[in-house]
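Visitor: turn this into a structure:
(one chain, ligands or ions: 1)
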Amino acid sequence: MNKHNLPVCDYEGSDYQQSFWDSGERVYEDTVEAIALRRLLPPRGEFMLELGAGAGRNTSRYEMFNRVALLDYSRSQLEQARDRLGASERYLYVAADVYHLPFVDGIFDGATMIRTLHHMMDPQLALLQVRQVMSLGGIFVLEFANKQNLKAMLRYLLGKQDWSPFSKDPVEFANLNYDFHPKTIRCHLRTARFEVEKQLTVSHFRVNFLKRHIPVGVLVRMDALLQWTGRLIQISPSVFSRCRAAGKAHGSGEGLFKCPACGNPLQGLKKDLNCDSCGAVWVYREGIYDFRMPGG
Ligand SMILES: C[S@@+](CC[C@H](N)C(=O)[O-])C[C@H]1O[C@@H](n2cnc3c(N)ncnc32)[C@H](O)[C@@H]1O
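Guide: So this is what the prediction gives:
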């Protein structure tokens, strides 16, 4: 399978934000993720790329950046984000595929990818694409779903689960939903020329019984303490890493966008963009740029 036919887990038309977050009893998860982000993001920055932004649940947590580009494959998720955050100059809404980023090299000094890598059949390729659009020294905060979590280990050891949480290969627990081994992700990050500076383990108490019987404030405080252990051992279902873009600088050319089909820089803003190299036309409608390639 090459970059051009990698499948996308499409959230088009999904009520993910409402059903999973707003009414899904996930205050605990949302709060501990906010704490991890605060601990890992830099104090200030210029231009942040939020990959797999969804309906913008986290976007207001990036106030230290002057501008934020929200990228998601689903246009309807971006419409929800735009309705929530507004159409200010601060936000750029971009429908595109992580595997085919429509930005010129090296323009972002910050990036996040939260609850999105777990939809990537080819996480290595995804991370290489992210590094390409980041400037040298930029900070990338990555969250991934950890297969080597305590619950999976116990289930495996009790014979209730057939896949091993200790093996380095990903496990696809539902269609296009993957849990990864921390060592595998570290290896992918190194290959993509990211240096991991900090690692936090998050959501240690993501267990319905505990959430029902222990006040959320207590769980949050305990999780906040345990997050620091992520440097040494990772047995929580979610891992956050602060990574610095290393290696060589990807020279920033002129402009913002490039054609995701052929790589040619695109001129113009707030209008349909024509590629004068391959002839592709990328539509701009109601504040959202659409760079989705035909056929995914
Ligand atoms: C689980 S949601 C997470 C949304 C948000 N980051 C959050 O934490 O609330 C995953 C998002 O990733 C997007 N996504 C999945 N595969 C993608 C791809 N290949 N390119 C761009 N976005 C993708 C989906 O459309 C969805 O909105």
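Visitor: buried residues in stretch 213-232?
Guide: Residues 219, 220, 223, 224, 226, 227, 230 are the ones in stretch 213-232 that count as buried (16 or more other C-beta atoms under 10 Å). Using the backbone N, CA and C atoms, a C-beta is placed for each residue, glycine as well.
Visitor: where along the stretch 151-296 of the chain do the helices fall?
Guide: Using DSSP state H, counting those that start in this stretch, the helices found in the stretch 151-296 of the chain span residues 182-191, 208-213, 216-226.
Visitor: tell me how far residue 256 lies from residue 102.
Guide: 9 Å (C-beta to C-beta, to the nearest Å).
Visitor: which one of the two has more residues nearby?
Guide: residue 102 (25 against 21; other C-beta atoms under 10 Å).
Visitor: quick one: low-confidence parts of the stretch 51-200 of the chain?
Guide: Applying pLDDT under 70 to the stretch 51-200 of the chain picks out no residues at all.
Visitor: count the residues that sit near the residue in it that the ligand sits nearest to.
Guide: For the stretch 51-200 of the chain and the ligand, the shortest gap (C-beta to the nearest ligand atom) falls at residue 54, measuring 2.7 Å. Neighbour count for residue 54, taken as other C-beta under 10 Å: 24.
Visitor: before we move on, the earlier item: let's have the buried residues of stretch 213-232 in a markdown table, adding distance to the ligand and pLDDT.
Guide: Putting those into a markdown table (distance: C-beta to the nearest ligand atom, whole Å; pLDDT from 0 to 100) gives the following:
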| residue | distance to the ligand | pLDDT |
| --- | --- | --- |
| 219 | 19 | 98 |
| 220 | 17 | 98 |
| 223 | 17 | 98 |
| 224 | 19 | 98 |
| 226 | 21 | 98 |
| 227 | 17 | 98 |
| 230 | 18 | 98 |
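Visitor: could I get the phi/psi values of residue 33?
Guide: phi -70, psi -40 (degrees, to the nearest 10).
Visitor: and it, what is it in contact with?
Guide: 58, 114, 143, 202, 203, 238, 240 (C-beta atoms under 8 Å, 6 or more residues apart in numbering).
Visitor: mind listing which of these are in strands?
Guide: 143, 202, 238, 240 (DSSP state E).
Visitor: just these now: which is nearest residue 42?
Guide: residue 240 (14.2 Å; C-beta to C-beta).
Visitor: and stretch 17-25, how far out from the chain's middle?
Guide: 19 Å (C-alpha atoms, centre = their mean, to the nearest Å).
Visitor: and for stretch 17-33?
Guide: 17 Å.
Visitor: report whether that stretch contacts the ligand.
Guide: No - for stretch 17-33, no contact with the ligand is found by C-beta under 6 Å from any ligand atom; the gap never falls below 6.6 Å.
Visitor: just give me the residue right at the centre of this structure.
Guide: The residue lying closest to the centre of the chain (C-alpha atoms, centre = their mean) is residue 113, at 1.7 Å.
Visitor: enumerate every residue touching it.
Guide: 51, 52, 98, 126, 130, 140, 141, 142, 143.
Visitor: what's opposite residue 179 in the beta bridge?
Guide: Beta-bridge pairing for residue 179 (DSSP bridges): residue 171.
Visitor: got a list of what it touches?
Guide: 118, 145, 146, 147, 149, 152, 170, 171, 173.
Visitor: what is the neighbour count of residue 93?
Guide: There are 25 residues near residue 93, going by other C-beta under 10 Å.
Visitor: that one contacts residue 286, doesn't it?
Guide: No - taking contacts as C-beta atoms under 8 Å, residue 93 lies outside contact range of residue 286: 9.0 Å.
Visitor: give me the common contacts of the two.
Guide: residue 82.
Visitor: turn the helices of the stretch 151-296 of the chain into JSON lines, including distance to residue 13.
Guide: Shown next, in JSON lines, are the helices of the stretch 151-296 of the chain (distance: least, C-beta to C-beta, whole Å):
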{"stretch": "helix 182-191", "distance to residue 13": "30"}
{"stretch": "helix 208-213", "distance to residue 13": "28"}
{"stretch": "helix 216-226", "distance to residue 13": "31"}
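Visitor: tell me the spacing between residue 121 and residue 9.
Guide: In terms of C-beta to C-beta, residue 121 sits 9 Å off from residue 9.
Visitor: overlap in contacts of those two?
Guide: With contacts taken as C-beta under 8 Å, 6+ apart, residue 121 and residue 9 have residue 176 as neighbours in common.
Visitor: give me the buried entries from the contacts of residue 179.
Guide: The buried subset of these (16+ other C-beta under 10 Å) comprises 118, 145, 146, 147, 149, 152, 170, 171.
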